[in-house]
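In: Fold the following and give me the result.
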Amino acid sequence: MTGGAAHCRLCNVDVMSRKIGLFGGTFNPVHFGHIRLARQLLKLARLDEVWMMVSPQNPFKVNHELLPDSQRLEMVRLALRREKGIKASDYEFRLSKPSYTWNTLQALAKDMPDCQFTLLIGGDNWASFPHWYHHENIMKAYDIVVYPREGASIDPSNLPEHVRLVDTRLINISSTEVRNRVASGKSIRGLVPKSVADYIESNRLYTAGHITAQS
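Out: Numbers count the residues shown, from 1 in each chain. Just a heads-up that it's a prediction; the model follows:
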């Protein structure tokens, strides 16, 4: 796609014919694995920006371990304060629920017709991609970059047009591990940025009492 400057009225970002990679997730919480992966994807997929799109809570299938949307977004913003080319996005918060990738892509194309969007997904999600809503339309209309995930085997020679595999390093950190360490009173330094660790501690997030209060 070509064109001049455009403005996303829903996310307050000025864009000029940028190639934007969409890296979605619950980020519950965001950790160094997410950030290091986003840095690699930015370079290997030759993108101008990577948007870490925080997935909103599904009102029809409430997950009590999932923090409120605003808190997960704030942690991503804190984590990316000094990152170049990687941004926190709350775009899906304003869309109808539940959030489907096809609907998000269609809305983005309408709001920012001069931008080229690339879907960034892990090998585990690629394995289940045939079950995604409008998956065939996504493959026809958008580039997809797949990154390796432990336990997901992908043959690059069998990938369809507009889908490619990038060789990112596997990073052995998970949000589940972070939450479990917080719940058991263990340190999470080195797993998340200091700003995120401080936010979790000051708001007493992921503690047994906090989870019970949400239920």
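
In: now the spatially most central residue of the chain: how far from residue 194?
Out: Residue closest to the mean C-alpha point of the chain, counted by Cα atoms, centre = their mean, is residue 24 at 2.5 Å. From residue 24 over to residue 194 the distance is 25 Å, taken as Cβ to Cβ, to the nearest Å. Just so you know, the C-beta spots here come from the backbone N, C-alpha and C atoms, and that holds for glycine as well.

In: excluding its backbone neighbours, what's nearest residue 23?
Out: Leaving aside its sequence neighbours, residue 23 sits nearest to residue 120 (Cβ to Cβ, 6 or more residues apart in numbering; 4.6 Å).

In: Just give me the neighbour total for the one you found.
Out: When counting by other Cβ atoms under 10 Å, one arrives at 28 neighbours for residue 120.

In: Distance of it relative to residue 32?
Out: With distances taken as Cβ to Cβ, residue 120 is found 17 Å from residue 32.

In: coming back round to it: in space, what's closest to the residue nearest to the centre of the chain - neighbours in sequence excluded?
Out: Closest residue to residue 24 apart from its sequence neighbours, by Cβ to Cβ, 6+ apart: residue 53 at 4.4 Å.

In: Would you confirm that the one you found contacts residue 26?
Out: No: contact status for residue 53 versus residue 26: not in contact, 10.4 Å apart, counting by Cβ atoms under 8 Å.

In: Of these two, which one has the most company?
Out: Between residue 53 and residue 26, counting by other Cβ under 10 Å, residue 53 is the more crowded of the two (26 against 17).

In: Doesn't the more buried one lie inside a strand?
Out: Yes: read with DSSP: H, G, I helix; E, B strand; the rest coil, residue 53 is one of the residues of a strand.

In: contacting residues for it?
Out: Contacts for residue 53 (Cβ atoms under 8 Å, 6 or more residues apart in numbering) come out as 22, 23, 24, 25, 89, 91, 92, 104.

In: Could you pull up the residues touching the first one?
Out: For residue 22, the contact set (Cβ under 8 Å, 6+ apart) comprises 51, 53, 104, 105, 108, 117, 118, 119, 120.

In: does the first one have beta-bridge partners, and which?
Out: Beta bridges link residue 51 to residue 22, residue 87, judged by DSSP bridges.

In: That one contacts residue 92, correct?
Out: No: Residue 51 is beyond contact range of residue 92, at 10.4 Å (criterion: Cβ under 8 Å).
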